[in-house]
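Enquirer: 3D, please:
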Amino acid sequence: MFEVTRDQTNKDIISGDIFASSEYYKRIYGEFPSKFKVPAVEEYGDKFVLRADLTDGGLKAYAAERMISEIEEDTLVYCAPRQGHAADAIAQVARIYGKKVVFFMPSSKKASDHQAALFAYGHCTFKFVRIAAMPVLNKYAREWAEANGARYIPFGMTGTPLVTAGLIKVGQEVTRALQFSPTEFYCAVSTGTMLRALCIAWPNTHARGVAVARNIKKGEIGTADVVSATMPFLTPSKVSKD
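Expert: Down below sits the predicted model:
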């Protein structure tokens, strides 16, 4: 079980105004010509599913694209945990924009499926490090990037305005496609980057999340109601038809 803050502030809000924040992120994203298609939305009865799994690199590839396209360094550095899709998104975007990626990974007897999938990318190299906690690995990765003229990308791409802007752009495109904003939405939560961005994109929508990887701290959930996962991450669960 993970600890989840009761504080419903959003650290990505600018000057305390969610509507001004939406306009700010829309302005910095601009008319950037994305090379990714906006994920499709499929309807199931009275519910809609944003099919990011049908887009190369998922939703975070769309989010990270503009940020990565503007990086001057030839090499990106990122910490890839045993589970998570941000690393694949970074690899996808880096390939399109001619960048190399060095992934730092926590070592274990066997690479996870999410980590092993990255081995298919020829422009990526891997450094497995035995660590006690991810913050230590992030420190090693940041120091390596500084010493080797590479660009370190924060874990979960959190705190990166252009990534938040990209996710808000996706939300706005979904609204345009549906011709209305959703009344509520659900998503998994790790660093909360996606959750906070969608809270800004859909300010009148009831946001719900499930913490699946770490404790959630003050400023990380925005206006969402977040609960802890009650079973180990990636454990198969029964799907309710209700």
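Enquirer: what helices or strands is the top helix by length along the chain leaning on?
Expert: Scanning the chain for the helix with the most residues, using DSSP state H, yields helix 161-178. Contacts defined by 3 or more Cβ pairs under 8 Å, 6 or more residues apart in numbering; DSSP states H and E place helix 161-178 against helix 18-29, strand 40-44, helix 58-69, helix 193-201. Backbone N, C-alpha and C define where each C-beta goes, glycine included.
Enquirer: Give the helix, strand or coil label for residue 222.
Expert: What DSSP: H, G, I helix; E, B strand; the rest coil gives for residue 222 is coil.
Enquirer: And the one 5 residues further on, by the same measure?
Expert: Under three-state DSSP, residue 227 falls in the strand class.
Enquirer: That one - how many residues pack around it?
Expert: Neighbours of residue 227 under the rule other Cβ atoms under 10 Å: 14.
Enquirer: That one contacts residue 212, doesn't it?
Expert: No. Using Cβ atoms under 8 Å, residue 227 is not in contact with residue 212; the gap is 10.5 Å.
Enquirer: May I have the secondary structure class of residue 8?
Expert: coil.
Enquirer: neighbours around it, how many?
Expert: 15.
Enquirer: Can you tell me the closest non-neighbouring residue to it?
Expert: Leaving aside its chain neighbours, residue 8 sits nearest to residue 223 (5.3 Å; criterion: Cβ to Cβ, 6 or more residues apart in numbering).
Enquirer: who's in contact with residue 93?
Expert: If you count contacts by Cβ atoms under 8 Å, 6 or more residues apart in numbering, residue 93 has them with 57, 61, 64-65, 68-69, 99.
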